[in-house]
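**Q** Fold the following, please.
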Amino acid sequence: MITLRKILVVDDDRNLLELLKVRLKSANYAVVTTEDGNGAVEAVKKQMFDIAIIDLQLPNQSGIYLMEELHLINPEMPVIILTAYGSIESAVEAMKRGAFNYITKPFNPQELLSQIEKALEGQRLASEIKKLKRLLEGEVDFSNIVTKSEKMQKILEAVYSIAKTESTVYIHGESGTGKELIAKVMHLASERKDKPFVAINCAAIPETLLESELFGHEKGAFTGAVKSTKGLFAHANEGTIFLDEIGNMSLLLQTKLLRVLQERQFYPLGSERSSEVNIRVIVATNKDLEVEVKKGTFREDLFYRIHVIPIHLPPLRERKEDIPYLTEYFIKKFSRQMKKEVKGITPGAMQKLMLYDWPGNVRELENTIEYAMVMTQQELIMEDIVLQTKDVPDKLHPLKEARDAFEKGYIVNLLELTRGNVSRAAELAGKYRADFYNLLKKHNITPMDFKNS
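**A** Below is the predicted model of the structure:
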């Protein structure tokens, strides 16, 4: 038996209520209607609704106030606000205070159904991410998943969907962005979660040993091979293997890896008998492998074989809104580990964290907070013990100054890209040549300096 999604509709216009009830029921929703806030509160106390549709102007209270009252009872319930054209400003305010969206009267029925579907889908994804975190609680360090940024939220949504498949995943991101963590999360959310998760950093193992590590060897295969040894592919059988820094792998090993991916078979060193393997493969790199392909240091066929589902992890400098949450997470973590009561960080110290670019990403932030936790003798982390040896801007620049700096950097990048070709650079920037020359003059930039770059 299919359980219908429940919708609560609140409006003092009886004709509109009846019309909505008919339309929503015909779209296979269970509908409860009420004309005022008291009825809505009672209904939400009695049963769980998947979504509420509330008129902005109710007889004795505003729809925004009612929405907030209902969210105290059911915080996860998305709310769509119905409003007249003259009240759009108030509807936008409702969104700032927690509404999913608003629709103006008279509304298009298809638009309303579309908004309901989007709200329910958003609710489903949020629920799945929470479920994923609960599933993994205690099994992984969540520092790289402490996030409020839209970029990371979308990545986590993708990870949850991808985990259910068997496709090869290609994770690209700078060091310290959490590539192995994402791979492990994907494994633990997959059907293979009870099987091995084997991770190897291809850049950390000498080339002469990497082949043996991956594929294993027979006794006597090389000097020192005193006994036969299984490789990591064999250890990962039926589970997941994570190959980090795959861009550092030699062309010879790339060829052997390609065979594993194509045929799910490999030959241990010194063996003439192939071994079959059933594995999910996740690879990662901080290199641009398309560039490496052009340089001839990475096989093109292997690139297309692994580049099935790409995931790009943004560096911390592109999601600085996460820094306060990560800082709080690390302070609590180290407070527990060090048995030291530190309540937080001063505004000045936080400003330094926000102004720094974090080339080492989350890992560097974690190290910075650990150092500060060790050094502080107070309840709050002070500015003078944060990023002591780092080059941090003194303060935020005025908007004009920041805009000029960006503009100059942008033009320099264009000229580097076009090797000083002003016509091409102006075209890429969408500017007339004359205007582009004015910009060059403004920033005292000479195109000839880029001719041989």
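**Q** who's in contact with the spatially most central residue of the chain?
**A** Per C-alpha atoms, centre = their mean, the C-alpha nearest to the average position across the chain is that of residue 152, at 2.0 Å. Going by C-beta atoms under 8 Å, 6 or more residues apart in numbering, residue 152 touches 145, 314, 319, 322. From N, CA and C alone the C-beta is placed, and that goes for glycine too.
**Q** Take those residues and lay them out in JSON lines including pLDDT.
**A** Compiled in JSON lines, the contacts of residue 152 are given as follows (pLDDT from 0 to 100):
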{"residue": "145", "pLDDT": "70"}
{"residue": "314", "pLDDT": "92"}
{"residue": "319", "pLDDT": "89"}
{"residue": "322", "pLDDT": "87"}
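**Q** pLDDT weak spots in the stretch 301-450 of the chain?
**A** 392-397 (pLDDT under 70).
**Q** returning to what we had before: for the residue nearest to the centre of the chain, give its distance to residue 145.
**A** For residue 152, the distance to residue 145 (C-beta to C-beta, to the nearest Å) stands at 8 Å.
**Q** hang on, the earlier thing: could you give the separation of the host helix or strand of the residue nearest to the centre of the chain from the chain centroid?
**A** Assigned by DSSP states H and E, residue 152 belongs to helix 150-163. Distance of helix 150-163 from the chain centroid (C-alpha atoms, centre = their mean, to the nearest Å) equals 6 Å.
**Q** Quick one: residues contacting the residue lying closest to residue 288 once chain neighbours are set aside.
**A** Excluding the flanking residues, the one nearest residue 288 by C-beta to C-beta, 6 or more residues apart in numbering is residue 172, at 8.0 Å. By C-beta under 8 Å, 6+ apart, the residues touching residue 172 are 284-286, 288-289, 310-313.
**Q** Number of residues surrounding residue 8?
**A** 24 (other C-beta atoms under 10 Å).
**Q** check contacts around it.
**A** With contact set as C-beta under 8 Å, 6+ apart, residue 8 has these partners: 31-34, 40, 43-44, 49, 51-53.
**Q** Measure how buried the closest residue to residue 267 other than its chain neighbours is and give me the count.
**A** Closest residue to residue 267 apart from its sequence neighbours, by C-beta to C-beta, 6+ apart: residue 274 at 5.4 Å. By other C-beta under 10 Å, the residues close to residue 274 number 13.
**Q** now the one 5 residues further on
**A** Each residue near residue 279 was counted by other C-beta under 10 Å, and the total is 23.
**Q** try residue 76
**A** If we define neighbours as other C-beta under 10 Å, then residue 76 has 11 of them.
**Q** That one and residue 126 touch, don't they?
**A** Yes: under the criterion of C-beta atoms under 8 Å, residue 76 makes contact with residue 126 at 7.5 Å.
**Q** pLDDT on the helix or strand hosting residue 117, on average?
**A** Here residue 117 sits within helix 109-136, counting by DSSP H and E. When pLDDT is averaged along helix 109-136, the result is 77.
**Q** Only the buried residues of stretch 247-258, if you could.
**A** For stretch 247-258, the neighbour count (16 or more other C-beta atoms under 10 Å) marks 247-249, 253-254, 257-258 as buried.
**Q** Can you show me the CA trace of it as PDB?
**A** The C-alpha coordinates for stretch 247-258 follow below in PDB (Å, rounded to 0.1, in the frame of the first residue of the first chain):
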ATOM      1  CA  GLY A 247      48.600  11.000 -11.000                       C
ATOM      2  CA  ASN A 248      52.000  10.000  -9.500                       C
ATOM      3  CA  MET A 249      51.700   6.400 -10.800                       C
ATOM      4  CA  SER A 250      54.200   5.400 -13.500                       C
ATOM      5  CA  LEU A 251      53.100   4.700 -17.100                       C
ATOM      6  CA  LEU A 252      54.000   1.000 -16.600                       C
ATOM      7  CA  LEU A 253      51.800   0.700 -13.600                       C
ATOM      8  CA  GLN A 254      49.000   2.700 -15.300                       C
ATOM      9  CA  THR A 255      48.900   0.000 -18.000                       C
ATOM     10  CA  LYS A 256      48.500  -2.700 -15.400                       C
ATOM     11  CA  LEU A 257      45.800  -0.700 -13.500                       C
ATOM     12  CA  LEU A 258      44.000  -0.200 -16.800                       C
END
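**Q** Name the surrounding residues that touch it.
**A** With contacts defined as C-beta under 8 Å, 6+ apart, stretch 247-258 is touched by 202-203, 207, 210-211, 214-215, 243, 246, 266, 285-287, 289, 292, 297-299, 301-302, 305.
**Q** State the mean pLDDT of it.
**A** 92.
**Q** for the helix or strand residue 183 falls within, packing partners?
**A** Element membership for residue 183, per DSSP H and E: helix 179-188. Secondary-structure packing of helix 179-188 (3 or more C-beta pairs under 8 Å, 6 or more residues apart in numbering; DSSP states H and E): helix 109-136, helix 150-163, strand 169-172, strand 197-201, strand 240-244, strand 280-285.
**Q** nearest to residue 94, of the ones you listed?
**A** Closest approach to residue 94 among the helices and strands packed on helix 179-188 is made by helix 109-136 (13.6 Å; C-beta to C-beta).
**Q** picking up where we left off before, max pairwise distance over the buried residues of stretch 247-258: which two?
**A** So, the buried residues of stretch 247-258 by C-beta to C-beta: farthest apart are 248 and 258, at 16.1 Å.
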